[in-house]
Every structure is written in structure tokens, then in C-alpha cells.
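Asks: Sequence and predicted structure, then a few things I'm wondering about:
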Amino acid sequence: MSTLEFNEALIDIENNLRSFALGFTRNNEDAKDLTQETMLKAITYKNYYTPQTNFKAWVFTIMRNIFINQYRRKVKSGTIFDNSKELFLITNSPGKDENPVSQIATKDIESKIDGLSEEYKDPFVMHFKGFKYKEIADKLGIPIGTVKSRIFIARKKLIDLLPDYSLSLN
């Protein structure tokens, strides 16, 4: 497929891409941005497209992957945009106006986590903060299987230490 044919095929599906993006973002401006970024990435990586295959599916897959990666970055940074009329900025961090009951519960849970031995507490806390198993294994210098095992055991111990909160798991 020549560059001209590639670009024409991409332009032909632009409206379809924008509609697909709108389904992800639920916002016109974000959908336009996602469409533009998808088209740019498709042009950048056009050498990876295999001729005689479904071009539209290839480009839509690029868009889906871009959206997923952006979403994961937003979640990891702790900020998500609410696209309602009020455009609230939502953070994953607890607010200052927590009620006293939740503050007591948080302190209770944190004290139980602090009471775990270091070999279980460190992998558990790192996993809770969003580290991947591989990252934890590399930082602590232990095998991935050991990391998974210690996190599992830490969870079990916390369930036993915090019976009042176990109903919320179901």
C-alpha cells in the first residue's frame, strides 16, 4: 500500500474513528483529540500495517490501545475527569471532610497493616500503592512467586485481624 493510498484510507474512516472515540470519551473535544492522536500514530507506524488485512480494524485497535493507556495514566496519577455538565475533577485521594467513622476505620486498618511483619507488609503496601509484581520483586530482590505468596498471606492475615470489615468483601 502506497503512502497516498494509506492516507486516503485513513481519511475515509475519520468520521468512523470520531464516532468510535466519542463512545470512549463521551465528550466531543476529547473524541477529536483521540481521533487526531490515533491518526498520527497510524501514520507514524504505517510500516507495521500488513497489506491485504483489515485496515479499519487495525486503526480502531490503535485507538482503543491509546484510550486504555491514557485512562491508566489518569488513574495512576490519581486524577479522573468527570465529563458531566459541572466538569468535576475527581481525585482518588481521600478528602479532608471524611466522617469520623471512616477516619477511625482507616486508622484501625493502617495499624493492622503496620502490625504485619516486614516481609509481608512491604510487598503488600507496594502492591496497594500500584506497583506491579515484577517491580516489587526487583525492588525487594525476591522472586515474583514469593511476592505473590507474601501479598496473599498478608491479605489473609488482614482478613483475620479485621473481621468487622470482611463483610464488605462480599
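Replies: Here it is on my side, so go on.

Asks: give the contact list for the nearest residue in space to Val59 that is not next to it in sequence.
Replies: Using CB to CB, 6 or more residues apart in numbering and skipping residues adjacent in sequence, the residue nearest Val59 is Ala42, 5.2 Å away. Heads up, the C-betas are built off the backbone N, CA and C, glycines and all. Contact analysis of Ala42 by CB atoms under 8 Å, 6 or more residues apart in numbering lists 10, 49, 58-59, 62.

Asks: ok, 7 Å please
Replies: Shown in contact with Ala42 (CB atoms under 7 Å, 6 or more residues apart in numbering): 10, 59, 62.

Asks: following the worst-scoring helix or strand of the chain on mean pLDDT, which helix or strand comes up?
Replies: In the chain, no helix or strand scores lower on mean pLDDT, DSSP states H and E than strand 89-91, which sits at a mean of 50. On the C-terminal side of strand 89-91, the closest following helix or strand by DSSP states H and E is helix 100-114.

Asks: tell me which strands and helices that next one is in contact with?
Replies: Packed against helix 100-114, as judged by 3 or more CB pairs under 7 Å, 6 or more residues apart in numbering; DSSP states H and E, are the following elements: helix 144-161.

Asks: right, and the secondary structure at the residue most central in space within the chain would be what?
Replies: In the chain, the C-alpha closest to the average C-alpha coordinate belongs to Arg72, at a distance of 2.7 Å (CA atoms, centre = their mean). Using DSSP: H, G, I helix; E, B strand; the rest coil, the structure places Arg72 in helix.
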